[in-house]
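Visitor: have a look at this prediction, sequence included:
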Amino acid sequence: MYDVRFYKGNYSWRQKQANRDKCTAYVEQHFNASANTSSGYAVVVTGYRASETSKNWGRWYANKVGQVFNIPVAGRGGILVGGFNGRGNGNLKHTKMPAILLEPMFVSNPQHAEWVRSTAGQDKLARILADSIIEVFPDGSRIGFSIGHKYKTSRPRDRGAAVYGGGAEADYAEIVMGKAKDILENYDASASQQETSSLKEEDAPINDIRIIKDGKELWHHADIDEDDEVIWDKENLILHITTM
Ligand SMILES: [Zn+2]
């Protein structure tokens, strides 16, 4: 039901190839990194002119990562439209289909790096990616995958950020995407009752706001949806939630 293709070459070339193949959706996998080793949130980048489908898909993915790994999400409800001051937009802007760029965790953060390097963590990330595609694109079919940094013609040695404890961002991105491809290509929508019921249970907004201190949840606010305005007042350290 799903046919997953990996696209290689420079970023604009990958996107043009995905357009040519009429992909239903396009996704590029990265991991974040920072000089501050305690930085640790999930976020998804969409293009400046992303469709609502891309935005909803990105929010679904980021919030699911937040939920499963108990980490905060950043951006607006989990997405950064247009990227980090424009960085990331070029990885997506040539696509004609919904497209997102994943930054699910920080490989500079020791705890996150442990997840990224472990089979269990990789399996969870692959499952979330596959589930996000099944959720948003239930009819399939061809999905374009791009591994951030790796296989660029212009900089063939680029592997992205160094991972705490060893390895490189792009190599782990490739492992996770490979696992997601396996899940998607073996997925049978009609076969699994369990699958439908678990999806039903998840048919609720996942915009929960949580306060996490040193990895432990202190506060959880679940009564929130996309129409609420959430503003963090940096100066006074107050989070304002307003139902519009
Ligand atoms: Zn990257």
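Guide: Received, thanks.

Visitor: got the contact list for Gly90?
Guide: 11-12 (C-beta atoms under 8 Å, 6 or more residues apart in numbering). In short, each C-beta sits where N, CA and C put it, glycine included.

Visitor: do you know the pLDDT at it?
Guide: pLDDT for Gly90: 95.

Visitor: state the distance from the closest residue to the ion within the chain to Asp139.
Guide: Residue of the chain nearest the ion, by C-beta to the ion: His30 (3.4 Å). Using C-beta to C-beta, to the nearest Å, we find His30 at a distance of 27 Å from Asp139.

Visitor: quick one, which of those two is more surrounded?
Guide: His30 (22 against 8; other C-beta atoms under 10 Å).

Visitor: now do the contacts for the closest residue to Asn109 other than its chain neighbours.
Guide: Excluding its sequence neighbours, the residue lying closest to Asn109 (C-beta to C-beta, 6 or more residues apart in numbering) is Gly40, at 4.3 Å. The contact partners of Gly40, by C-beta under 8 Å, 6+ apart, come to 71-72, 105-106, 109, 111-112.

Visitor: please apply the same query to Lys213.
Guide: By C-beta under 8 Å, 6+ apart, Lys213 lies in contact with nothing.

Visitor: going forward can the numbers begin at 57, since that is how I track them
Guide: Understood, numbering begins at 57; the last thing we discussed is Lys269.

Visitor: hey, what's it bridged with?
Guide: Legend: beta-bridge partners of Lys269 under DSSP bridges are Lys272.

Visitor: need the residues that contact stretch 174-182.
Guide: Everything outside stretch 174-182 that qualifies as a contact, by C-beta under 8 Å, 6+ apart, is 121, 124-125, 160, 170-172, 228, 231-236, 238-239.

Visitor: if you set the cut-off to 10 Å instead, what comes out?
Guide: Residues outside stretch 174-182 that contact it (C-beta atoms under 10 Å, 6 or more residues apart in numbering) are 85, 87, 117, 120-121, 124-125, 158, 160-161, 168-172, 228-229, 231-240.

Visitor: only whichever of those are buried, select them in ChimeraX.
Guide: Buried residues among the contacts of stretch 174-182 (16 or more other C-beta atoms under 10 Å), as a ChimeraX selection:
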select :85,87,117,120,121,124,125,158,160,161,168,169,171,172,228,229,231,232,233,235,236,237,239,240
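
Visitor: in helices, which of the contacts of stretch 174-182 fall?
Guide: 117, 120-121, 124-125, 168-172, 228-229, 231-240 (DSSP state H).

Visitor: one step back: correct me, but the residue of the chain closest to the ion touches Tyr67?
Guide: No: applying C-beta atoms under 10 Å as the test, His86 and Tyr67 come out as separate, 11.7 Å apart.

Visitor: and the protein, which residues reach the ion?
Guide: Neighbours of the ion within the chain, by C-beta under 5 Å from the ion: 86, 204, 216.

Visitor: Pro128 against Gly122, yeah?
Guide: Yes: counting by C-beta under 10 Å, Pro128 does reach Gly122; the two are 6.3 Å apart.

Visitor: what residues are shared contacts of the two?
Guide: In contact with both Pro128 and Gly122: 97-99, 134, 266, 268, using C-beta under 10 Å, 6+ apart.

Visitor: including neighbour count, pLDDT and distance to Gln178, could those residues go into CSV?
Guide: Shown next, in CSV, are the shared contacts of Pro128 and Gly122 (neighbours: other C-beta atoms under 10 Å; pLDDT from 0 to 100; distance: C-beta to C-beta, whole Å):
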residue, neighbour count, pLDDT, distance to Gln178
Tyr97, 21, 97, 19
Ala98, 27, 98, 15
Val99, 26, 98, 19
Gly134, 24, 97, 21
Arg266, 16, 79, 24
Ile268, 16, 79, 22
